[in-house]
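>>> Dropping the sequence and predicted coords here.
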Amino acid sequence: MLESDIDFNTLLDGEDTTPSNPVNTIIPSNDFTFNDEESPWLWNGKPINEIDTKKHSCFVYLITNKVNGMRYVGFKNTLFKKTRTIKGKKKHGTVESDWRTYWSSSEILKNEVSFYGKGNYLREILYLCPLKGVGKYFELKEQIDREVLTKNSSLYYNGIVNVRLGINALKRWGDVVKADIILGDTTADTVLSKKNDALI
């Protein structure tokens, strides 16, 4: 489905016109070896195991399947809210999230990770963001720029874009740090190119 095929009047009526994605299933391949080694998050092409949560409460990421070239753009908080009761009074605070072991909210992607193994994926941080609202904006921007639901839907695991933003949430957009190196895009394009060449 191309952008020009979308009936926006139908969208307003509430009918689901999300393009079908025939590639969003487990794709058995003869040219891969199961690899369940840990796949660390990368920042500018290098593993990152610590994030200054005082500066960056969330990040936008790209996960790339090195076997079939599929990608996923998502958002993750580096902090969780936590409430404790001390002497009968509730105290609100934060603790570090499970970001190191996180593999997105996509069930399709997580099923494929189980099939191919973690080592057959790249997990990369695209933006380190100071606030949730800012992170959500850049997640949406990446998804729209990459056309994950339209022109390039067959290349992405993303099946829905659901973001609610207000102008006040974006006041610190200038504090966002963007990665200069994104290995996943190059890797995925190379994988897809090889598969296309094999079909010729």
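Nice, thanks for sending it over.
>>> Could you pull up phi and psi at Asp175?
Backbone torsions of Asp175, given as degrees, to the nearest 10, read phi -90, psi 0.
>>> tell me the pLDDT at it?
As predicted, Asp175 sits at a pLDDT of 95.
>>> Mind giving me the packing neighbours of the helix of greatest length in the chain?
Secondary structure of the chain per DSSP state H: the longest helix is helix 183-199. In this structure, helix 183-199 packs against strand 58-65, strand 71-77, strand 121-129, with contacts taken as 3 or more CB pairs under 8 Å, 6 or more residues apart in numbering; DSSP states H and E. For every residue, glycine as well, the C-beta is placed using N, CA and C.
>>> how much space is there between Ile86 and Val95?
According to CB to CB, to the nearest Å, Ile86 and Val95 sit 15 Å apart.
>>> Could you check which of the two is surrounded by more residues?
Using other CB atoms under 10 Å as the criterion, Ile86 and Val95 rank with Val95 on top: 10 against 7.
>>> Rounded mean pLDDT for the helix or strand containing the more buried one, please.
Per DSSP states H and E: Val95 is located in strand 89-96. Mean pLDDT, strand 89-96: 75.
>>> quick one: contacts of whichever helix or strand comes after that strand?
Scanning forward in sequence from strand 89-96 by DSSP H and E, the next helix or strand is helix 107-116. Residues from elsewhere that reach helix 107-116, judged by CB atoms under 8 Å, 6 or more residues apart in numbering: 24-26, 32, 34-35, 63, 65, 67, 70, 72, 103-104, 121, 157, 159.
>>> which parts of helix 107-116 are buried?
108-109, 112-113, 116 (16 or more other CB atoms under 10 Å).
>>> what angle do it and strand 71-77 make?
110 degrees (axes from the mean of the first three to the mean of the last three CA atoms, to 10 degrees).
>>> tell me the angle helix 107-116 makes with strand 58-65.
Using the same axes, to 10 degrees: helix 107-116 against strand 58-65 is 50 degrees.
>>> looking only at pLDDT, what's the mean for helix 107-116?
When pLDDT is averaged over helix 107-116, the result is 94.
>>> Show the buried residues in the contacts of helix 107-116.
By neighbour count, with 16+ other CB under 10 Å, the contacts of helix 107-116 hold 24, 32, 63, 65, 67, 70, 72, 103-104, 121, 157, 159 as buried.
>>> what's the closest of these to Ala179?
Ranked by distance to Ala179 (CB to CB), the buried ones among the contacts of helix 107-116 are led by Ile63 at 13.9 Å.
>>> quick one: the spatially closest residue to that closest one that is not a sequence neighbour and Val60, what's the gap?
Excluding the flanking residues, the one nearest Ile63 by CB to CB, 6 or more residues apart in numbering is Tyr72, at 4.6 Å. In this view, Tyr72 and Val60 are 11 Å apart by CB to CB.
>>> Alpha carbons of stretch 126-134, as PDB, please.
What follows is stretch 126-134 as a C-alpha-only set of coordinates in PDB (Å, rounded to 0.1, in the frame of the first residue of the first chain):
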ATOM      1  CA  LEU A 126      19.600   6.500  18.300                       C
ATOM      2  CA  TYR A 127      18.700   9.300  20.700                       C
ATOM      3  CA  LEU A 128      19.400   9.900  24.400                       C
ATOM      4  CA  CYS A 129      16.600  12.100  25.700                       C
ATOM      5  CA  PRO A 130      16.100  14.100  28.900                       C
ATOM      6  CA  LEU A 131      12.300  13.700  29.200                       C
ATOM      7  CA  LYS A 132       9.700  11.100  28.200                       C
ATOM      8  CA  GLY A 133       7.800  13.700  26.000                       C
ATOM      9  CA  VAL A 134      10.900  14.500  24.100                       C
END
